[in-house]
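> 3D model of this:
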Amino acid sequence: MRDDRLVEMRVFKAVVDTGGFTAAAHLLGVSQPFVSQAVTNLERRLGVKLLHRSTRTQRLTSEGESFLVSSNRIMEEIEQAEAQIKSPEPTGDLRVTAPLGFGMDQVVPSLPAFMVAYPKITVHLSLSDAMANLLQDNFDVAIRMGRLQDSSLMARKLCNLQRIVVASPRYIEKHGQPVTPQGLARHNCLRWEGPLDHLNRWPFMINNRRQELPVEGNFHSADGTTLFQLCMAGVGIMRLAEHLALPAIRSGALVPLLADYQAQDDTAIHVLYMRERQLVPRIRAFVDYTVEVFRNPPWVV
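From the prediction side, this is the model:
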C-alpha cells in the first residue's frame, strides 16, 4: 500500500521554505501542478487549511504553523537516523535555549569543549530569560533555573540553585546595610518583573522559621543580567544566583548581606528535553555532557 504522507510533508515544507509553489517545484525537481496537488491532498486528509493562498504569496495558517514545527522535527529525525547509520558520531543541528545570565556566564564557556568532542553537531544557542516552549519554538534542549513546572518534558538535574543577598561596597558606603531582613524595607531592592516576579519574595530564616518577605525598589527588569549590572553599579540590593554572586564576593565586587538569616533554596538548575527525543544522539550527547560539566559546579570552590 502506497503511503504518500512523507512526500506530502516534504512538499509542504519546501513550499514554506521557498515561499511559493513554483520555487518549491524547482527545488524538488518536480512540476508545479504536482506540488499544488500534494499540498491539496495533505490539507484534505488533515481536514484543515495549512496555507492561505493568494496570487502572489502563501501564508501559514495557525494549523500550518503547528504542522510545520512537527514536520521539521520529523524530517530532522529521519535525517538523523540515516546519518547514524552512515556515521557513528552524533550529527545535525542542536537548538539550545538557556537563561541569559547563566548562559553567558556558564553555558557559553562550556561549549568549546563540547564542539571539539562533537564536531559534526551544529549548535544554535538562544539566550533569554523568557520561557521558551520547546515544541512551538523548535528547541531540542532547554536549561532552566528554579522550580520546574509540571509538564511532559524530561528533566535531569545539573546542580542545586542557591541565591544570596548582596550589595556593592559603593551601595553600602552610601546607604548602609540592613541588620535584619525587616530592615530591607528601608533599602532599594532590585526587582524582577514579568514571569519571574515571584522572585521578589525573599526567603529568610527568622526565629528558626522560614519566612518570605516582599521587597520594594525603584528598578524592575525581566532581564537578570541587567539586574546584576545595576547591583554591581551600586543602584540597589539583589538576591543573586550564586554562580554570579560567589565569584563577585571573592573578588570584593559584592558583599554578602544578612548571612545569619540566609535560607536554603529548595530549587535547582535542570536540563530539559522532550520525552520522545531522548534517544536522538545529538540531544543525548549534549545532555550527558552538560550533566557532567555541572556535577561539580565551577563557581563553588
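> Give me the residues contacting the worst-scoring helix or strand of the chain on mean pLDDT.
Ranking every helix and strand in the chain by mean pLDDT, DSSP states H and E puts helix 62-86 at the bottom, with a mean of 78. Outside helix 62-86, the residues that touch it by CB atoms under 8 Å, 6 or more residues apart in numbering are 6, 9-10, 12-13, 16, 46, 48-51, 60, 90-93, 135-136, 138, 277, 280-282. Yep, even glycine has a C-beta here, placed from its N, CA and C like the rest.
> My reading is that residue 130 lies in a strand. Confirm?
No. Secondary structure of residue 130 (DSSP: H, G, I helix; E, B strand; the rest coil): coil, not part of a strand.
> What does the pLDDT read for it?
Here the pLDDT value assigned to residue 130 is 86.
> The chain should start at 566 in everything you say after this.
Done: numbering now begins at 566, and the last item shifts to residue 695.
> dump the residue contacts of it.
Counting by CB under 8 Å, 6+ apart, residue 695 touches 760, 787.
> now it: how far from residue 725?
Distance, residue 695 to residue 725, by CB to CB, to the nearest Å: 24 Å.
> again, but for residue 641
Separation of residue 641 from residue 725 (CB to CB) stands at 33 Å.
> Name the residue in these two with the higher neighbour count.
It is residue 641, of residue 641 and residue 725, that has more neighbours when counted by other CB atoms under 10 Å, with 18 against 14.
> Name every strand pairing with the helix or strand following the least confident helix or strand of the chain and say which way it goes.
Of the helices and strands lying after helix 627-651 in sequence (DSSP states H and E), the nearest is strand 657-663. Strand 657-663 has the following sheet partners, assigned by DSSP bridges: strand 686-692 (parallel), strand 706-710 (parallel).
> Flag every buried residue along the longest one.
Translated: strand 686-692. Within strand 686-692, the residues scored as buried using 16 or more other CB atoms under 10 Å are 686, 688, 692.
> need the contact list for the second one.
Spelled out, that is residue 688. Taking CB under 8 Å, 6+ apart as the test, what residue 688 contacts is 659, 661, 676, 679-680.
> Using JSON lines, please lay out those together with distance to residue 721, neighbour count and pLDDT.
As requested, the contacts of residue 688 are arranged in JSON lines below (distance: CB to CB, whole Å; neighbours: other CB atoms under 10 Å; pLDDT from 0 to 100):
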{"residue": "659", "distance to residue 721": "16", "neighbour count": "21", "pLDDT": "94"}
{"residue": "661", "distance to residue 721": "14", "neighbour count": "23", "pLDDT": "96"}
{"residue": "676", "distance to residue 721": "18", "neighbour count": "17", "pLDDT": "97"}
{"residue": "679", "distance to residue 721": "16", "neighbour count": "18", "pLDDT": "97"}
{"residue": "680", "distance to residue 721": "21", "neighbour count": "12", "pLDDT": "96"}
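> Please identify which pair of those residues lies farthest apart.
661 and 680 (12.0 Å; CB to CB).
> helix or strand right after the helix or strand encompassing residue 667?
Assigned by DSSP H and E, residue 667 belongs to helix 665-667. With elements assigned by DSSP H and E, the helix or strand that comes after helix 665-667 is helix 673-682.
> Run the chain-centre distance for that next one.
Taking CA atoms, centre = their mean, to the nearest Å, one finds the center of helix 673-682 at 18 Å from the center of the full chain.
> For it, name the packing helices and strands.
If contacts are counted by 3 or more CB pairs under 8 Å, 6 or more residues apart in numbering; DSSP states H and E, helix 673-682 sits against strand 686-692, helix 846-858.
> Can you pull out the low-pLDDT segments for the chain?
Along the chain, segments meeting pLDDT under 70 span 566-567, 620-621, 645, 647-653, 715.
> so what are the domain limits for it?
The chain breaks down into these domains under automatic domain parsing: 570-649, 652-726+832-858, 728-826.
> How many neighbouring residues does residue 728 have?
Neighbours of residue 728 using other CB under 10 Å come to 21.
> could you measure it against residue 635, distance?
Residue 728 is 38 Å from residue 635, by CB to CB.
> what does residue 861 give?
For residue 861, the distance to residue 635 - CB to CB - is 39 Å.
> same check, this time on residue 657
17 Å.
> Who has more neighbours out of the two?
Between residue 657 and residue 635, counted using other CB under 10 Å, residue 657 has the larger neighbour count: 18 against 11.
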